[in-house]
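Colleague: no letters, just coordinates:
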Ligand SMILES: C[S@@+](CC[C@H](N)C(=O)[O-])C[C@H]1O[C@@H](n2cnc3c(N)ncnc32)[C@H](O)[C@@H]1O
């Protein structure tokens, strides 16, 4: 019997390579200067995938994954709902990891390098849903993210943002509930994942 440990995990039908996988190690060696934490799959992504398993998207939903990192949540949308997915990240370091996983999971994901604060209405009208996991972790992120969520809401785009419950996210969620008719729900993902996050669900204005 082989004692070699598997070098990938499967999250909700999406294969994700472990840090010890040779291709991940190779990419890490090539560009080891990431600055904004897009260097693994974060728990919020698992929570978003479980949430969308419970409340499935319409087929062909146009999804914008903001602060996408490795883009696993968007890949889940592409695989399960035939969604058309674009991943946005400020840090181009993440895109080779994203494209490696897109190939592995046999999905196509477009990528755009941009600051989420700069995503304007012209771009937002191309989408139905904005998703983001673990993207509101510094105090100075609350303001631009609230503006983005409000712009999305006003342009007919629903937003789903998940976070373990850090205070910059709590402030974002409070404002979105008061001003945009959003709801927040604590979402527990049981064994084998055993993770828990708040999901902010902001409806579109129309
Ligand atoms: C904690 S990681 C989460 C990655 C991914 N969403 C996940 O759940 O695995 C945060 C991601 O947001 C990106 N990010 C941080 N600030 C950003 C900004 N202002 N605009 C766009 N992306 C940003 C980072 O580069 C990083 O990939």
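Modeller: On my side now, so go ahead. From a predicted model like this one, the values you see are computed outputs, not experimental measurements.
Colleague: can you map out the strands along this structure?
Modeller: Taking DSSP state E as the test, the strands found in the chain are 8-11, 14-17, 62-66, 84-89, 109-113, 129-133, 158-163, 183-189, 195-202.
Colleague: distance from the chain centre to the lowest-mean-pLDDT helix or strand in the chain, please.
Modeller: Every helix and strand of the chain was ranked by mean pLDDT, DSSP states H and E. The lowest is helix 22-30, at a mean of 88. Helix 22-30 sits 22 Å away from the centroid of its parent chain (C-alpha atoms, centre = their mean, to the nearest Å).
Colleague: same question, stretch 165-181
Modeller: 18 Å.
Colleague: and residue 42, which of the strands of the chain is closest to it?
Modeller: strand 129-133 (5.7 Å; C-beta to C-beta). The way it works is simple: take the backbone N, C-alpha and C, and place the C-beta from them, glycine included.
Colleague: show me the shaky parts of this structure.
Modeller: 1-5, 32-39 (pLDDT under 70).
Colleague: need the residues of it near the ligand, please.
Modeller: Proximity of the chain to the ligand, by C-beta under 6 Å from any ligand atom, involves residues 36-38, 41-42, 44-45, 67-70, 88-91, 94, 115-117, 133-135.
Colleague: helices - which of those land there?
Modeller: Of those, the ones assigned to helices by DSSP state H are 44, 45.
Colleague: distance to residue 141 and mean neighbour count for the strands of the chain - can I get that in TSV?
Modeller: Putting those into TSV (distance: least, C-beta to C-beta, whole Å; neighbours: other C-beta atoms under 10 Å) gives the following:
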stretch	distance to residue 141	mean neighbour count
strand 8-11	25	14
strand 14-17	25	20
strand 62-66	11	24
strand 84-89	14	24
strand 109-113	18	16
strand 129-133	10	27
strand 158-163	10	25
strand 183-189	17	15
strand 195-202	13	21
